[in-house]
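[1] The amino acid sequence is not available; the structure is as follows:
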C-alpha cells in the first residue's frame, strides 16, 4: 500500500459484539439481531448529548482485519470477478464500513444497539443520526 496521504482518522471508541472471528459475523446486521455495545472513549461522552432523540444511528467503523491489497475478487457464491468498488465486501483500499443500527439504550459513554455485523473490538470512527428511510 502507498503511504498514508493527508487523511488522519481519530478512533473514538470500539464496538462490542458476540463475534470474535470474521467468519462468524453475519453478512449484514439486522434490527432483530443481538444487542451490541458502542463504547466511546470517555473524552467523547459529552458529544453524545441529544443522541437519544434518534432511534436509528449510522455508524462508520474501520474493518481492521480486512485485506486491503486485492483489486479483483469473486463475491461469495460467484465465479465472476469484480472490483471492491462494485461490491460491499470488506476487502477494499480503505476498509470503512457503514451500518444503520437501532438505539436501544444509552448509559454514559456506552450505547446499546441492534444491527451490527462486525467483529468485537472493531474501531469506531463516527456516529451520525440516521434520518433516512430504511
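    That came through, no problem. Predicted model only: the values in this text are computed from it and were never measured.

[2] Show me what the strand ranked longest in the chain is packed up against.
    When the chain is parsed with DSSP state E, its longest strand is strand 96-107. On a contact count with 3 or more CB pairs under 8 Å, 6 or more residues apart in numbering; DSSP states H and E, strand 96-107 meets strand 56-62, strand 110-114. All C-beta atoms are positioned from the backbone trio N, CA, C, and that covers glycine.

[3] May I see these organised as CSV, with mean pLDDT and mean neighbour count added?
    Output for the helices and strands packed on strand 96-107, formatted as CSV (pLDDT from 0 to 100; neighbours: other CB atoms under 10 Å):
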stretch, mean pLDDT, mean neighbour count
strand 56-62, 93, 19
strand 110-114, 97, 20
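
[4] What are the boundaries of the strands in this protein?
    Using DSSP E, strands in the chain cover 13-16, 35-40, 56-62, 96-107, 110-114, 122-129.

[5] what angle separates the longest one from strand 56-62?
    Going back to what we said before, that points to strand 96-107. 130 degrees (axes from the mean of the first three to the mean of the last three CA atoms, to 10 degrees).

[6] sorry, back to before: closest to residue 94 out of the helices and strands packed on strand 96-107?
    strand 56-62 (8.5 Å; CB to CB).
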